[in-house]
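S.K.: here is my input, please return the structure:
(4 chains)
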There are 2 protein chains.
Amino acid sequence: MAERGINATSVSEIAAEAELANGTFYLYFKDKSEIVAAVCQAVTLAMHNEMSSMRLSLEGASARVSFGTQQFIEIAAAEPTWGRLLMSAFTEFEAIKDDISRYMRLDVALGVEQGCFTEPVDEFVIDTLLAILRAGVRSRLDGASTVVGARAAEYHLRVLGMSAEDAHRVRLETDKVVERQANK
Amino acid sequence: MAERGINATSVSEIAAEAELANGTFYLYFKDKSEIVAAVCQAVTLAMHNEMSSMRLSLEGASARVSFGTQQFIEIAAAEPTWGRLLMSAFTEFEAIKDDISRYMRLDVALGVEQGCFTEPVDEFVIDTLLAILRAGVRSRLDGASTVVGARAAEYHLRVLGMSAEDAHRVRLETDKVVERQANK
DNA sequence: TCCAAAAATGAGAGGTATCGCATAATGAGA
DNA sequence: TCTCATTATGCGATACCTCTCATTTTTGGA
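M.R.: Numbering: from 1, shown residues only, chains lettered A, B, ... in the order given. Just a heads-up that it's a prediction; the model follows:
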């Protein structure tokens, strides 16, 4: 599915791979989209694990948001096959939203507590941040440079209420950390 | 298609309505998605026309962006059938992006000229603004109040480099105009 | 050994997109 | 005005797909 695309992978193929008949597939998944969601959940979990230790080492919530955003985009770009799969699942399935936003929510809430974000943590801010993240990943997969990750990170901070200058400063500071992570 | 949904409308039905055979459909559209894009293009054009006179009466680019964003969301919410159609087309088809962003581009460029926006007008800002707009429409269609329109407008201005306070001020000022448009 | 529940099956209904072929429209030259 | 090659338009059988459902097979506790 990751290699040939979602549409090019038929349910019959999946069933055959599992040595089951076509119809049996539907006993385990409501429809084709549900298995895609399940795969994406695993992918996002792996992505979060890959960056969690470094993310948690950052004290400031704004730095965490900045780092998380850039890193998510870079990881997705480093594995375009999975990145693309994730993108196609992003809008089609509600379920995936929760998985991707889980850590984002925590960081944003922390930022409000720390006083660096003025925006309340509700469904709509999260949706907005996710939308920006998605735009960043898409752009990066389409060939844009690493700069889009940095910009997406700054946009996140701006939406959360930080001034353009502060957002820029925070993002510059996380660049070292992003660099360090890239060399791992 | 608007009434029963995209998926519930089969190509054969469309062809039958046009009094043509199934296969003939594909002489006019590459695939089903292409006719959806064409329909959406017409819808967005109608939406822009509906608000263009009021939008152009605003002098400041930031006010135009704020008004345009809120108004787009409200129009889409007022005609949920078309709004939903638009949303499903939004991510699936590149073509629709250009139609929706056409006027946004002009307003943002004007804002840079007027000095109220610091962000360069490139593909990625536009993608980001569109992503936020989309999140707003979706949220509104899912039952959120008119507040999401206002918030989406402020987020737009923040991403474009305005401080949270300035963005808020501009948005409050456009509220009267939005009100006036709603009563038309 | 029996049998109800659980698991699996595959035919079939309805969909999308393709393709080779048939027919209609066009327009340049005699 | 007629002819006819060329191009545009239309057709429907076909391959392959998704999802449903009546039916059959398997399983494991009594």
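S.K.: can you tell me how far A:Ala89 sits from chain B?
M.R.: 11 Å (C-beta to the nearest C-beta, to the nearest Å). Glycine gets a C-beta too; all of them are placed from N, C-alpha and C.
S.K.: not counting sequence-adjacent ones, nearest residue to that residue?
M.R.: In this structure, A:Ala89 finds its nearest non-sequential neighbour in A:Cys40, 4.3 Å apart by C-beta to C-beta, 6 or more residues apart in numbering or on different chains.
S.K.: that neighbour in helix, strand or coil?
M.R.: Three-state assignment for A:Cys40 (DSSP: H, G, I helix; E, B strand; the rest coil): helix.
S.K.: up against chain B, what does chain A have?
M.R.: A:90-91, A:118, A:123-124, A:127-128, A:130-132, A:134-136, A:138-139, A:144, A:148, A:151-152, A:155, A:158-159, A:161-164 (C-beta under 8 Å from any C-beta of the partner chain).
S.K.: tell me which of these fall in helices.
M.R.: A:90-91, A:123-124, A:127-128, A:130-132, A:134-136, A:138-139, A:148, A:151-152, A:155, A:158-159, A:164 (DSSP state H).
S.K.: can you select the buried ones from those in PyMOL?
M.R.: Only the buried entries of these go into this PyMOL selection, using 16 or more other C-beta atoms under 10 Å in any protein chain shown:
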select buried, chain A and resi 90+91+124+127+128+130+131+132+134+135+136+138+139+148+151+152+155+158+159+164
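S.K.: for the residue of chain A found nearest DNA strand C, give me the pLDDT.
M.R.: Closest residue of chain A to DNA strand C, C-beta to the nearest atom of the strand: A:Gly23 (1.7 Å). pLDDT for A:Gly23: 96.
S.K.: now do it against A:Ser145, distance only.
M.R.: 47 Å (C-beta to C-beta, to the nearest Å).
S.K.: ditto for A:Gln71
M.R.: From A:Gln71 to A:Ser145 the distance is 16 Å (C-beta to C-beta).
S.K.: and the lowest-mean-pLDDT helix or strand in chain A, what other elements does it pack with?
M.R.: Of all helical and strand segments in chain A, the minimum by mean pLDDT, DSSP states H and E falls on helix A:80-92, at a mean of 85. When contacts are defined as 3 or more C-beta pairs under 8 Å, 6 or more residues apart in numbering or on different chains; DSSP states H and E, helix A:80-92 packs onto helix A:32-57, helix A:61-78, helix A:94-114, helix A:123-141.
S.K.: mind listing what's buried in the third one?
M.R.: So the one you mean is helix A:94-114. For helix A:94-114, by 16+ other C-beta under 10 Å, it's A:Ile96, A:Lys97, A:Asp99, A:Ile100, A:Ser101, A:Tyr103, A:Met104, A:Asp107, A:Val108, A:Leu110, A:Gly111, A:Val112.
S.K.: between the residues you listed, which sits nearest A:Ser53?
M.R.: Of all these, A:Tyr103 has the smallest distance to A:Ser53: 12.5 Å, by C-beta to C-beta.
S.K.: which residues does the residue lying farthest from the centre of chain A contact?
M.R.: Residue farthest from the centre of chain A, counting by C-alpha atoms, centre = their mean, is A:Ala21 at 34.3 Å. Residues in contact with A:Ala21 (C-beta atoms under 8 Å, 6 or more residues apart in numbering or on different chains) are A:Ala15.
S.K.: A:Met54 now?
M.R.: With contact taken as C-beta under 8 Å, 6+ apart, A:Met54 is in contact with A:Phe67, A:Gln71, A:Val177, A:Arg180, A:Gln181.
S.K.: from memory the second one sits against A:Glu179, does it?
M.R.: So that's A:Gln71. No: assessed by C-beta atoms under 8 Å, A:Gln71 is found out of contact with A:Glu179, at 11.2 Å.
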